[in-house]
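J.: Predicted model and sequence follow; I will ask about them next.
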Amino acid sequence: MAGNWEVAPPPKTVDGLLAVPIDISSITASIVFDGASASGSADATLTYTVGPTSGNPFFDLRQSVSQAWLDGTPFPAAKLAHHAFGTGSFTDLRVIESGQSAGSVHTLRVRYPLAVPDSQLSGSYLPRIEWAPGPRLTFTLALSDLNRARYLEAWLPANLQFDQYSIDLNIRIDNTAVPHSVITNGSVTELAARHWTVAFPARSSSVSPLLEIRASDTVERTTGTALLPVSGKTVTIEAWRPAGSAVDLAAQIAAIRTLLVDNENGYGGYLHDDRYVAYFTGSGGMEYEGGTTTSADALLHETFHSWFARGLKPADQSDGWWDEGFTTFHDDGANDAVPLDFTAPPVALCSRDPWQRHTPTASYVSGSALFRGLAAITGAGPLNTHMRSLYKSQAGGLPLSTERLEEHLVARSGDVRVVHAFHRFVYGLPDPIPAPALWLRDDIADPGADNWAGAFWDSPDLWVRTADDGGTIHQNPEYGQDNWFHARVRNRAGAGAAAHFVVTFRATGYAGTEFVFPADFFEATAVKAEFDLAPGETRVVKARWPEASVPAPGSHTCVVASVLSRFDDPAAGGHVWQARNLAQKNLTVVDLVPGEYVVVPVVLTNRLGEKQLVHVRRSDPGLRVAVVHRSAELLNNAGLAPRPLVEYPVRSRVQEAPTQFDCGGVAPSAPVAPLARAVLASADLDAVLRRFPDAWQAELPDEPVPLGAAPFSPLVVGLKVELPEGAEPGHGHRVDLVQRRVDTGRIIGGVAVILNASTLSGDRDEG
């Protein structure tokens, strides 16, 4: 898991111990089977890092530990006992009764005799360690979704399924001359007769390994290949069956070849190296990474699971519903759209209990019904496109929580009905009575009602940080790294509780006005699902702004946010100032040398189709503010006095002949200065002239002027602000460009710029 704790369960106090999650980096084990005594034993070592909280690490093993060593020192096996974590049987976990510091690295070694695990032993295909005359061994891990404690922890010390690590096994069968075969999705090396190593890659988790050991005369094997169209891999297909089985392995290899090709074409590249292993046991089916134990009838379902379940994996078993639901939806053609019936009782597919140890059986029927309902909301084609993009972006990375699935579908679809569907038919929540009243302040004085009449483009409840540091002061985003969106969400006193709500963030990439929901809020840059906000309560909701989507140099960032919940959504077509659950941050902060200026490109929108006025508010009368445009006529018509933006000879490097490309384009005469990431600065006149060539400027008075876009059309202007020569360092100079309707004087838009006086010409904000 590489130290990323986003999907790990929280610490939990059990029997006076603070149990904390760990990040296992590797599991190594020596497993020896003895034909003479008809027994087996294991000697296994975990190497792990303690999570961000100091305490007592938890893990699981459903075998009886006889000896243990912690960091090479003997450790009492009794201090690795099971403790109750969840509710119901087989939800207990082992806790290491040794306090360990956050971030510290340790090893835990355990020895134990192998026996049928202390797990829920239900289902059609059970864990086995059995001997027949010869002696002949039958050993099978037999992982199971539907039965508790039936993942890797049944046989080896392991973590819950959120974690990922390498697994290296050394397996030997002593005191038998009978040849044996290993059926596995791991990489097998035969060291000697009946002695192998089996290696599983670092992306493996407790749900990944397929491992069967059988006497060679009890199984049969056939191989084939498949050339995959997306990854370009040539995959070796291994098909196994019990000796004498009627399963046609050649036909099944042909079927697997078709399924692998179809799945790649539909959802993306095959993740599991260059092998696919199928053991046709005759009944049931279970998915593994690049492998399955299956019947012929279940092959379609189980092969698809190498994409959704073992390519893109659930974060824990409360999330296991989505891979079964979507795979069943896929089995049925992935094209069936059936609207959800919101008069039907709620369905709880995701309990949000991190200690749940089984996948609910409702995942197949109710889970596929949920995806059919989502197809009715978004369209079946778009839904599959959204799931394809989810697979491509996250498969092989962090396991997927239910909340992350919801966030992705909300971001991509832009449809509030997705939130309603998850509320009732995934989390199983009743409709809220009374409804919550969630809101974000447009201004310090905003009391939380709709139709706020004041300034709204610099919400105090919306900000960006360049580091995950808990800060509450807005920063310009930093290009080339992750940033973090923040929203301070409030639930009005006297309203209903918000059992589930979603906050969306979008960085527009430009300074603009008159943002309208939902068109200007989606596709969202980041989305965060949250739960349980009581009336009168306030919560800061944070979402990572991935590096790949942070605007490139030369762009300005306006952030818009919405809060969505059952029975409390913004109205379609509403503006930020009309809805309490919409907000925006249209603010640029610049460090500037006194005497220099910046030009912020602004898109003035006229979605109301009314005549408009603009004026400026300035914190310092000495701030010179002008509007920049290529048309002097437009500025004249607004009653302004235009003059050329550049009134003196341009630097010689601007006048030099630019390099011309064969295609007719020209190379910039100089690199764009760092400051030009968010604004255009006089320190880099080339950038200003590239953005506003042959432009005109006109001073803006404090009183409104009739400068605005034509009805339903955007107007792009530059807001030029000059910092006075005598500006004192450490003092912020603020300018607001305000947009109003002519008929009512109502404020309908605005942008803000804060200039901080800098003492050095190179000391500029690079956000």
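T.: Now that the structure is in, tell me what you want to look at. Residues are numbered from 1 along each chain as shown.

J.: Run through the bridge partners of Ile183.
T.: Ile183 has these beta-bridge partners by DSSP bridges: Glu212.

J.: State the number of residues packed around it.
T.: Ile183: 20 surrounding residues under other C-beta atoms under 10 Å. From N, CA and C alone the C-beta is placed, and that goes for glycine too.

J.: Over to Thr538?
T.: By the criterion of other C-beta under 10 Å, Thr538 has 11 neighbours.

J.: Now it: closest residue in space, sequence neighbours ignored.
T.: Once flanking residues are discounted, Thr538 sits nearest to Arg490: 4.9 Å by C-beta to C-beta, 6 or more residues apart in numbering.

J.: Is the residue nearest to Phe85 when sequence neighbours are not counted in a helix, a strand, or coil?
T.: Nearest non-adjacent residue to Phe85, counting by C-beta to C-beta, 6+ apart: Trp355, 4.3 Å away. Classification of Trp355 using DSSP: H, G, I helix; E, B strand; the rest coil returns coil.

J.: Would you mind checking which helix or strand in this protein has the lowest mean pLDDT?
T.: helix 652-655 (a mean of 40; mean pLDDT, DSSP states H and E).

J.: Distance from the chain centre to the next helix or strand after that helix, please.
T.: Note on helix 652-655: by DSSP states H and E, the next helix or strand toward the C-terminus is strand 680-681. Centroid separation for strand 680-681 versus its chain: 34 Å, with C-alpha atoms, centre = their mean, to the nearest Å.

J.: what's next to strand 680-681, contact-wise?
T.: 590, 592, 596-601, 673, 675, 687-688, 691-692, 718, 764 (C-beta atoms under 8 Å, 6 or more residues apart in numbering).

J.: Name every strand pairing with that strand and say which way it goes.
T.: Strand pairing (DSSP bridges) places strand 680-681 next to strand 597-604 (antiparallel).

J.: Convert the C-alpha atoms of the partner strand to CSV, please.
T.: The C-alpha coordinates for strand 597-604 follow below in CSV (Å, rounded to 0.1, in the frame of the first residue of the first chain):
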residue,chain,number,x,y,z
TYR,A,597,1.0,45.4,-13.0
VAL,A,598,-0.8,42.2,-13.6
VAL,A,599,-3.5,41.3,-16.2
VAL,A,600,-6.1,38.7,-15.3
PRO,A,601,-8.1,37.4,-18.2
VAL,A,602,-11.8,37.4,-17.2
VAL,A,603,-14.8,35.8,-19.0
LEU,A,604,-17.9,38.1,-18.5
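
J.: which other helices and strands contact the helix or strand just after that strand?
T.: On the C-terminal side of strand 597-604, the closest following helix or strand by DSSP H and E is strand 612-618. In this structure, strand 612-618 packs against strand 624-629, strand 732-741, with contacts taken as 3 or more C-beta pairs under 8 Å, 6 or more residues apart in numbering; DSSP states H and E.

J.: Apply 10 Å and report the result again.
T.: strand 597-604, strand 624-629, strand 715-722, strand 732-741, strand 747-757 (3 or more C-beta pairs under 10 Å, 6 or more residues apart in numbering; DSSP states H and E).

J.: Can you list the buried residues in it?
T.: Gln612, Leu613, Val614, His615, Val616, Arg618 (16 or more other C-beta atoms under 10 Å).

J.: Quick check: the gap between the residue nearest to the fourth one when sequence neighbours are not counted and Trp69.
T.: Across the structure, with C-beta to C-beta, 6+ apart as the measure, the residue nearest His615 apart from its sequence neighbours is Pro704 (4.3 Å). Using C-beta to C-beta, to the nearest Å, one obtains 78 Å as the distance from Pro704 to Trp69.
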